[in-house]
Each structure stands twice: as structure tokens, then as C-alpha cells.
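Chemist: what's the 3D shape of this:
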Amino acid sequence: MGIKKVKPTTPGRRQATFDDFLDITKKEPEKSLIVIKKRQGGRNAQGKITIRHRGGGAKRYIRKIDFTRDKFDIPARVAAIEYDPNRGARIALLNYEDGEKRYIIAPVDLKVGETVISSKKQVEIKRGNAMPIEYIPAGVAVYNIELEPGRGGKIVRGAGNLAQVMGVEGKYAQIKLPSGEIRLVKKECLCAVGQVSNPDKRHIILGKAGRMRYLGVRPTVRGTAMNPIDHPHGGGEGNQPIGLKGPKTKWGKPALGVKTRKKSKFSNKLIIQRRGKKRR
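Modeler: Take a look at the predicted model:
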């Protein structure tokens with residue numbers, strides 16, 4: 001992927017940057033692998049808003065992505081690299097030798113015509129191949145990592161992300177995540193070799209509010225601009241400090257930087273080093 005700028009004909013387009021889509025080889029999705037995306041606009045079954053700032057947006061289909069990579073020991077040819085409106089990464093259309101087609105999250109530099117394979121045994125350390133973590137040498141970049149064997153990849157799936165295998169010891173492998181966290185993952189868990197495609201996604205500047213509306217995000221009003229009845233930060237004539245020891249949510253709970261992870265979380269014992277902290 002490359003990033004392009006356009007002629008600054010309006011203030012919104014002056015700062016905006018766009019994806020050039022030069023890595024896309026097929027425009028229309030595979031009909032057998034899409035379903036219509038239903039939207040609720042952040043509302044529950046009673047019609048009440050439970051998630052604010054959602055609504056509208058361009059219509060889109062959901063691509064059925066194969067996160068499990070459970071079609072073992074059958075080579076698949078990469079038929080196309082496609083755009084997915086539901087994620088930042090590109091997706092690859094695989095044609096298996098038995099005729100089945102599946103989508104996977106494409107790694108960086110995966111080309112049409114290449115062959116990838118998934119196996120529970122050791123296979124070639126090649127981008128796009130999937131195998132248990134225990135067969136991955138230390139220092140190799142991986143993505144789409146399972147947290148429980150057979151449950152499908154749950155982490156390291158965002159555009160440009162990668163994790164590093166630190167080593168395998170006993171029942172677990174040590175994985176360094178994109179956040180800097182180092183945690184233990186069962187060595188039988190599958191992962192794919194490589195880095196998630198489209199690393200330039202983070203450099204795109206939307207430039208105007210309208211492009212955010214295309215994504216289904218509605219306007220967000222500051223609490224300080226509201227009335228006291230609507231928000232703890234509200235009230236006052238003109239711009240005022242919030243008048244509190246710390247910022248709060250609309251419902252009066254501490255906000256902005258407050259830790260929300262449960263102290264008794266079952267996976268705490270699997271985390272060797274928290275993100276943002278130096279290893280001792």
C-alpha cells in the first residue's frame with residue numbers, strides 16, 4: 001500500500017491522505033464468502049443507545065475470514081489480494097487443491113500465485129504459513145495467534161502488527177506482543193508467519209468529519225460543552241475547568257487513563273511483563 005495526497009481544493013482535502021490501493025488485485029469480493037452486515041446504530045433490543053457515537057456509515061459486506069486455519073496439510077494458492085472494509089489489513093483469497101476457497105488475513109509482501117499451507121507439524125518458515133508456535137524459531141515475526149488451541153486466532157490481527165516468539169519452555173511459548181507485553185501462550189496454539197499487511201494504515205489522515213461518518217462514527221460532543229445535568233464536566237459561562245480532581249465519564253465514573261483490568265483476571269498468571277514496563 002502507498003499513501004497519496006490530492007490537490008488542496010478544500011480545507012478538508014488539504015491535510016487528507018488516501019490509500020492508493022495499488023496492492024489490490026481484485027475489486028469484487030467472492031460471493032460465496034460474504035454476508036450482509038446488519039447495523040443497530042449502537043442500540044439494544046429495546047432501542048436504547050448503549051454505545052454512543054455509532055450510526056450511519058457506508059454499506060458493507062462482512063467477509064468470512066478463516067482465523068482457525070484448520071484446513072491442514074492441503075496447499076493453497078493465493079488467487080487475489082483484496083480490500084476489506086471491516087479491517088485495516090488486506091485479505092488474501094486462497095484456492096485449495098480440493099476446490100474450496102477461503103479468506104485469510106494477508107501478511108506483508110504476499111503475492112498472487114504463491115502457495116501457503118497450514119499444518120499441525122513443522123512446515124517451511126514462510127510468510128502466510130500457519131503452524132503451532134512450538135515450531136517457530138525465536139525472533140521470527142508471527143500474527144493471528146490463538147490463545148486456546150483450535151479456537152482461532154484472537155490477537156495480533158490489526159494492520160501492520162506483528163509479535164515475536166521469544167522462546168519455548170515447558171508447556172508454553174513466550175510471545176512479545178505489539179504493545180510490548182510479554183506473555184505465555186500454549187505452545188500448541190497456531191499462528192501465522194509474517195507481519196500483518198498494510199502497515200501504512202496508521203499514517204492515513206482523514207482530514208474532515210465526513211470521512212469519519214463514512215466509517216459509521218457520529219459526532220462526539222465534549223463534556224465541558226454540555227449542561228451540568230448532562231455531564232459532570234458541564235456548566236459554567238464560556239470555557240471553564242472541569243472543577244474536579246480528575247476527569248469523569250458521562251455517568252460519573254473516573255475516565256482517561258484509569259486501569260479497568262480486573263485484579264483477579266484468570267490470565268494474569270500468563271503475563272510475564274506488562275506493556276509499558278521494563279523487564280527486570
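
Chemist: Which pLDDT does the model give the closest residue to Leu110 other than its chain neighbours?
Modeler: Leaving aside its sequence neighbours, Leu110 sits nearest to Gly128 (C-beta to C-beta, 6 or more residues apart in numbering; 5.3 Å). Just so you know, the C-beta spots here come from the backbone N, C-alpha and C atoms, and that holds for glycine as well. With respect to pLDDT, Gly128 scores 94.

Chemist: Tell me if I'm right that Gly128 and Ile105 touch.
Modeler: No - counting by C-beta atoms under 8 Å, Gly128 does not reach Ile105; the two are 9.5 Å apart.

Chemist: Quick check on the two: which one has the bigger neighbour count.
Modeler: Per other C-beta atoms under 10 Å, whichever of Gly128 and Ile105 has more neighbours is Ile105, with 28 against 24.

Chemist: Tell me, how many residues neighbour the closest residue to that one other than its chain neighbours?
Modeler: Distance criterion C-beta to C-beta, 6+ apart; nearest residue to Ile105, sequence neighbours excluded, is Ala89 at 5.2 Å. Burial measure for Ala89: 26 neighbouring residues, criterion other C-beta under 10 Å.

Chemist: what do you get for Pro132?
Modeler: Pro132: 20 surrounding residues under other C-beta under 10 Å.

Chemist: try Gln15
Modeler: As a burial measure, Gln15 scores 12 neighbours (other C-beta under 10 Å).

Chemist: again with Gly41
Modeler: Gly41, neighbours per other C-beta under 10 Å, totals 13.

Chemist: Repeat that for Tyr214.
Modeler: The number of residues packed around Tyr214, counting by other C-beta under 10 Å, is 12.

Chemist: which residues does the nearest residue to it once chain neighbours are set aside contact?
Modeler: In space, and not counting its chain neighbours, Tyr214 is closest to Ala58: 5.1 Å by C-beta to C-beta, 6+ apart. Going by C-beta atoms under 8 Å, 6 or more residues apart in numbering, Ala58 touches 85, 214-216.

Chemist: Try it again at 10 Å.
Modeler: Applying C-beta atoms under 10 Å, 6 or more residues apart in numbering to Ala58 gives the contacts 85, 213-216.

Chemist: Just give me the closest of those to Lys277.
Modeler: Among the contacts of Ala58, Leu215 lies closest to Lys277 (C-beta to C-beta), at 33.1 Å.

Chemist: any low-confidence regions in the stretch 1-150 of the chain?
Modeler: Within the stretch 1-150 of the chain, the ranges that satisfy pLDDT under 70 run 1.

Chemist: Tell me which stretches of it form helices.
Modeler: Counting by DSSP state H, counting those that start in this stretch, the stretch 1-150 of the chain has these helices, from start to end: 11-15.
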